[in-house]
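Novice: here's a sequence, model it:
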Amino acid sequence: MTTTHHDNDHDDFSNVTWSDHVHDQAQRSAAAAAAEAPARAVEEAGNSSTQPLGREKLECTVGAPIKENDGTKDAFVSYLVTTHSTFPSFQKEVTTVRRRFTDFAFLFKQLMRDYPACAVPPIPDKQRMEYVRGDRFGGDFTARRAHSLQRFLNRLSLHPVLRRSTILHSFLESPDWNATVKSRTARGSIASDPGGSSGVFDNFADTFINAFTKVHQPDRRFIEVKEKSDKLDEDLGHIEKVIARRIKRIEMKAQLGGLADAHVKFYGEVAELWETYVMEMEKEGVVPVA
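Specialist: Residues are numbered from 1 along each chain as shown. Purely as a prediction, here's the structure:
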């Protein structure tokens, strides 16, 4: 009986030792994985500056704003997003979907969370003054916003890492985007985002402001700020176009320079052949006719 009791004590001690060992090993593995994750993200973002874009085409346009749910407190504006892509992950080379501003905001937050070491381009602000003034459904405002949202997508399409993002491809193509949003929200992706709570405020502000009519004459200070902001956006767009034209000219100049060198080389070879021909004919006593 004594021996049996000793063996049971020994078995219990062995079980405790094994459990502690597995627990410690799991903790070390989790800590190592957590330590390696930021390093991988930093390495991926660091390599993005030298990583080529690849041969895949990804071009996006945003336009055709439409007011949906008109006459209700849930009215909003949707934009037509057209994508031309040769990525294998796309079902078709040309796709069209409709997205609202909150969809762009969700995409931005997801990219910020999934790629913390990458420089994710910003999206345009909510511009609360347009909400207060009641102009957020106006043609000028929606046209400017469409231009800003297209610039946001263009910058993503030119980023060597972000242009390959699964969430971006789903945003540009998926006909069931709302299911993707719900799925990621259910997994707690938004809850872990410090800025995720702003979506609740946005929805509350939309519902609250839609319940009221347009206010009276706005403050002159806000008008001046808006005019300066519009002028700055216009100037930046002009600078962007000038830089694009300059780049095209440089590329064209390089191509023409290469073509000129090829012509010079060709005519030089023709001249050498002609001289050789003349020398051979003179040896035979025949005077060649030029």
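
Novice: and residue 260, that one's in a helix?
Specialist: Yes: Residue 260 sits within a helix when classified using DSSP: H, G, I helix; E, B strand; the rest coil.

Novice: can you pull the pLDDT of it?
Specialist: For residue 260, the model assigns a pLDDT of 80.

Novice: what is the neighbour count of it?
Specialist: When neighbours are counted by other CB atoms under 10 Å, residue 260 registers 10. Placement of C-beta: from N, CA and C, glycine included.

Novice: so how far is residue 247 from it?
Specialist: Going from residue 260 to residue 247 by CB to CB, to the nearest Å gives 21 Å.

Novice: and residue 82, by the same measure?
Specialist: With CB to CB as the criterion, residue 82 and residue 247 are 24 Å apart.

Novice: out of those two, which sits in the more crowded spot?
Specialist: residue 82 (16 against 10).

Novice: what's across from that one in the sheet?
Specialist: residue 61, residue 96 (DSSP bridges).

Novice: tell me if I'm right that it and residue 98 touch.
Specialist: No: look at residue 82 against residue 98 with CB atoms under 8 Å: they stay out of range, at 10.5 Å.

Novice: my guess is residue 159 contacts residue 118, does it?
Specialist: Yes: the pair residue 159 and residue 118 passes the contact test of CB under 8 Å, sitting 7.1 Å apart.

Novice: wait, doesn't residue 233 sit right on residue 144?
Specialist: Yes: between residue 233 and residue 144 a contact is recorded at 7.0 Å, counting by CB under 8 Å.

Novice: neighbour-wise, which of these two wins?
Specialist: residue 144 (18 against 15).

Novice: next, the more buried one: phi, psi?
Specialist: The phi and psi values for residue 144, taken as degrees, to the nearest 10, are phi -60, psi -40.

Novice: residues contacting it?
Specialist: Each residue near residue 144 by CB atoms under 8 Å, 6 or more residues apart in numbering is listed here: 230, 233.

Novice: which parts of stretch 103-113 are buried?
Specialist: Residues of stretch 103-113 classed as buried: 103-111, 113 (neighbour count, 16 or more other CB atoms under 10 Å).

Novice: just the CA trace of it, in PDB.
Specialist: The C-alpha coordinates for stretch 103-113 follow below in PDB (Å, rounded to 0.1, in the frame of the first residue of the first chain):
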ATOM      1  CA  ASP A 103     -17.100  52.200 -47.400                       C
ATOM      2  CA  PHE A 104     -14.000  54.200 -48.300                       C
ATOM      3  CA  ALA A 105     -13.500  55.000 -44.700                       C
ATOM      4  CA  PHE A 106     -13.800  51.300 -43.700                       C
ATOM      5  CA  LEU A 107     -11.200  50.400 -46.400                       C
ATOM      6  CA  PHE A 108      -8.800  53.000 -45.100                       C
ATOM      7  CA  LYS A 109      -9.200  51.700 -41.500                       C
ATOM      8  CA  GLN A 110      -8.700  48.100 -42.600                       C
ATOM      9  CA  LEU A 111      -5.500  49.000 -44.500                       C
ATOM     10  CA  MET A 112      -4.200  51.000 -41.500                       C
ATOM     11  CA  ARG A 113      -4.800  47.900 -39.300                       C
END
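
Novice: what mean pLDDT does that stretch have?
Specialist: The average pLDDT within stretch 103-113 is 90.

Novice: how about stretch 89-99?
Specialist: 89.

Novice: I'd like the numbering to begin with 56 instead of 1 from here.
Specialist: In the new numbering, first residue 56, that becomes stretch 144-154.

Novice: which outside residues touch that stretch?
Specialist: By CB under 8 Å, 6+ apart, stretch 144-154 touches 121, 133-141, 221, 224, 226-230, 232.

Novice: restricted to buried residues, select those residues in PyMOL.
Specialist: To isolate the buried ones among the contacts of stretch 144-154 in PyMOL, judged by 16+ other CB under 10 Å, type:
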select buried, resi 133+134+136+137+138+140+224+226+227+228+232
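
Novice: in helices, which of the contacts of stretch 144-154 fall?
Specialist: 221, 224, 226-228, 232 (DSSP state H).

Novice: how about those residues in TSV, adding pLDDT and distance to residue 295?
Specialist: What follows is those, written out as TSV (pLDDT from 0 to 100; distance: CB to CB, whole Å):
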residue	pLDDT	distance to residue 295
221	88	28
224	91	25
226	91	23
227	91	22
228	89	27
232	88	29
